[in-house]
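K.L.:
got a predicted structure plus its sequence, pasted below:
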Amino acid sequence: MMVELFCGILGGANYGPNIRKWKSSSEVANLGQCFVAINPEAFAPGFPDRMQSFIDDFRNLPAAEGETEVLVAGDPERKHIDKVKKDGGLSYHKNLIEHINTLANSLNVEPIKTID
């Protein structure tokens with residue numbers, strides 16, 4: 001309800017059942033947005049340490065069956081950043097590179113450079 005309140009009602013946009021159906025283009029979406037900036041120190045001192053403790057509590061939980069570790073928001077992205085750095089760039093499937101280069105050729109632009 002808070003998302004509907006902030007983004008729809010307070011934002012002057014559609015909300016709840018008034019939002020158009022997904023993939024419909026017969027009317028303007030009129031979707032609202034809400035951005036909130038919070039200074040955690042306004043609530044209690046020591047936010048960075050308390051937050052780190054909170055994250056550590058989650059990471060130290062037993063992993064779910066079939067998993068090796070518990071991840072928190074941002075962990076998969078950091079792992080991917082490390083992989084990209086180690087590999088020297090992003091990895092793309094050969095077919096995608098071929099498609100991009102075909103498109104580049106048709107637009108008379110330089111093809112994508114690859115690292116072999």
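P.N.:
Structure's in. What do you need?

K.L.:
how far is the helix or strand bottoming out on mean pLDDT in the chain from where the chain is centred?
P.N.:
Averaged element by element with mean pLDDT, DSSP states H and E, the chain has its least confident helix or strand at helix 2-3 (a mean of 92). Computed by Cα atoms, centre = their mean, to the nearest Å, the separation of helix 2-3 from the middle of its chain amounts to 19 Å.

K.L.:
go on, stretch 70-78?
P.N.:
Distance, stretch centre to chain centre, for stretch 70-78: 11 Å (Cα atoms, centre = their mean).

K.L.:
same question for stretch 24-43.
P.N.:
Per Cα atoms, centre = their mean, the centroid offset for stretch 24-43 relative to its chain is 15 Å.

K.L.:
which residues are in contact with it?
P.N.:
For stretch 24-43, the external contacting residues (Cβ atoms under 8 Å, 6 or more residues apart in numbering) are 3, 6-8, 10-15, 19-20, 47, 51. Any C-beta I mention is one placed from the backbone N, CA and C, and that applies to glycine too.

K.L.:
please indicate which of those are buried?
P.N.:
Burial by neighbour count, 16 or more other Cβ atoms under 10 Å: within the contacts of stretch 24-43 this picks out 6-8, 11, 13-15, 19.

K.L.:
ranges for the strands of this structure?
P.N.:
Along the chain, counting by DSSP state E, no stretch forms strands.

K.L.:
please, where are all the helices along it?
P.N.:
In chain order, the chain shows helices spanning 2-3, 47-59, 75-87, 94-106, with DSSP state H as the criterion.
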